[in-house]
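J.: A structural model of the following input is requested.
(one chain, ligands or ions: 1)
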Amino acid sequence: MTTLQAPPPPTLDPTNPNIQTWPALGLTLITNFITPAEEQTFISAFHTSTNIPPQSSARKRLSQHFGHHFDYTTFGASTSVFTPVPDHVAAIASRLPLREGVDRVPDQFTVQYYPPGAGIPPHVDTHSMFGEALYSLSFGWGVPMVFRVAGGNEARKMRLPKRSLGGETGGGGSGSAVVEREEGEENPSWELMLPSRSLLVMTGPSRYGYTHGIKGRKTDVVDGVSVLREGRYSMTMRSVRRGEEIGCDCEYPGVCDARIREELEGKGGQ
Ligand SMILES: [Zn+2]
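T.: Modelled structure (predicted):
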C-alpha cells in the first residue's frame with residue numbers, strides 16, 4: 001500500500017488569495033474560478049446536452065466533447081467529428097490565464113462526470129498533439145488528484161502496443177496514455193485537493209513529466225475528517241496542435257509520445 005504525501009508547499013500570490021502556484025512544477029491552482037451560479041449552469045447543461053453519451057454503468061465516467069473531438073487512431077484532433085462550443089464553455093475559455101506569446105485559448109473541451117467513488121487511472125496527456133498548458137476546471141464536488149513523477153514503469157507501459165485504450169477505459173477520456181501503476185512503484189507522489197469551482201493549470205514538469213489521476217474511492221480525508229465523496233465534474237481544456245506544430249521536445253523523453261513514435265518507427269524501418 002502506497003502512502004500518499006501532502007503536496008509540496010505552494011507559493012501564495014500576495015495580491016490574490018485564490019491563487020496557489022508551484023513554480024518548479026509549472027503548476028497553478030486557482031480556487032473560486034467560477035461562481036456557484038456558473039457551476040449550476042455547467043451541471044444542468046451537462047445533463048440536458050444532446051451529446052451526452054449513453055451510460056453503460058452507473059459507476060463509469062461519462063465524457064462529453066466540444067470542439068474537434070479527440071481521434072483515438074491518430075492521437076490528434078478529429079477532422080470530421082466536431083461539436084460546436086456552447087457559450088458558457090467559451091465564456092470560461094476566454095478568461096483562462098494565458099502566458100503571453102506562449103499559450104492559446106483552448107479549442108478542445110472534454111467535460112466528464114465522475115459518479116461518487118469513481119476515479120481515473122494515472123495518465124500523461126499526449127505531449128505532441130496539444131499545446132503545453134492544460135486547464136482543468138473542477139465542479140460539483142472536490143476530489144484529490146494524485147501526481148506522480150513518471151519513471152521507468154510509465155515509460156515501459158507507454159511502449160506497449162496498446163498504449164492508449166481510449167473511450168471509457170482511456171486515461172483522460174481523450175488524448176491520454178493510460179499508465180497503470182505497478183506494485184513497488186517508488187517514484188514520489190502526492191495528492192492535491194481540487195476544490196469544486198477551482199481551475200488547475202498544468203505546464204512544464206507537471207504537464208510533461210508527471211502522471212495525474214484520481215483514486216477511485218468512496219471517501220476522502222479532508223482536513224483530517226473522512227468525507228463521503230459525491231458526484232464530481234471536470235472540464236479539461238486544451239489547444240489542438242496542427243500541421244507543423246505537432247511534436248514535442250520536452251525534457252521527459254521516457255513518457256513523450258513524439259519520442260516514442262520516433263523510436264518505434266526507427267525500429268520498424270527496413
Ligand atoms: Zn514530450
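J.: element containing the residue of the stretch 51-200 of the chain found nearest the ion?
T.: In the stretch 51-200 of the chain, the residue that lies nearest the ion is residue 127 (3.3 Å; CB to the ion). For glycine as for every other residue, the C-beta is placed from the backbone atoms N, C-alpha and C. According to DSSP states H and E, residue 127 maps onto no helix or strand at all.
J.: Could you give the number of residues near the residue lying closest to it once chain neighbours are set aside?
T.: In space, and not counting its chain neighbours, residue 127 is closest to residue 248: 3.9 Å by CB to CB, 6 or more residues apart in numbering. Counted by other CB atoms under 10 Å, the residues lying close to residue 248 total 19.
J.: any idea how far residue 248 lies from the ion?
T.: Using CB to the ion, to the nearest Å, residue 248 is found at 3 Å from the ion.
J.: right, and that residue touches residue 257 too?
T.: Yes - with contact defined as CB atoms under 8 Å, residue 248 and residue 257 form a contacting pair (7.2 Å).
J.: Could you tell me which residues touch both of those two?
T.: Residues touching both residue 248 and residue 257 by CB atoms under 8 Å, 6 or more residues apart in numbering: 127-128.
J.: partners of whichever helix or strand residue 65 is part of in the sheet?
T.: Using DSSP H and E, residue 65 falls within strand 62-70. Looking at strand 62-70 with DSSP bridges, its partner strands are strand 77-83 (antiparallel), strand 108-114 (antiparallel).
J.: which one of those strands is the most hemmed in?
T.: Stretch with highest mean neighbour count among the strands paired with strand 62-70: strand 108-114 (a mean of 23; mean count of other CB atoms under 10 Å).
J.: Go ahead and measure how far that strand is from the middle of the chain.
T.: In terms of CA atoms, centre = their mean, to the nearest Å, the centre of strand 108-114 is set 9 Å apart from its chain centre.
J.: And for stretch 255-266?
T.: Between the centre of stretch 255-266 and the centre of its chain there are 22 Å (CA atoms, centre = their mean).
J.: can that stretch be found next to the ion?
T.: Yes - using CB under 5 Å from the ion, stretch 255-266 comes into contact with the ion via residue 256.
J.: Of all the residues in that stretch, which ones are buried?
T.: Residues 255-260 are the ones in stretch 255-266 that count as buried (16 or more other CB atoms under 10 Å).
J.: which residues sit against it?
T.: 75, 124, 126-129, 150, 154-155, 158-159, 163, 177, 179, 208-209, 211, 247-250, 253.
J.: can you rerun that using 7 Å?
T.: 75, 124, 126-128, 150, 154-155, 158-159, 177, 209, 247-248, 250, 253 (CB atoms under 7 Å, 6 or more residues apart in numbering).
J.: Buried ones among these?
T.: Listed as buried from the contacts of stretch 255-266 are 75, 124, 126-128, 150, 154-155, 158, 177, 209, 248, 250, 253; burial here means 16+ other CB under 10 Å.
J.: The residue of the stretch 51-200 of the chain closest to the ion and residue 221: what is the separation?
T.: 33 Å (CB to CB, to the nearest Å).
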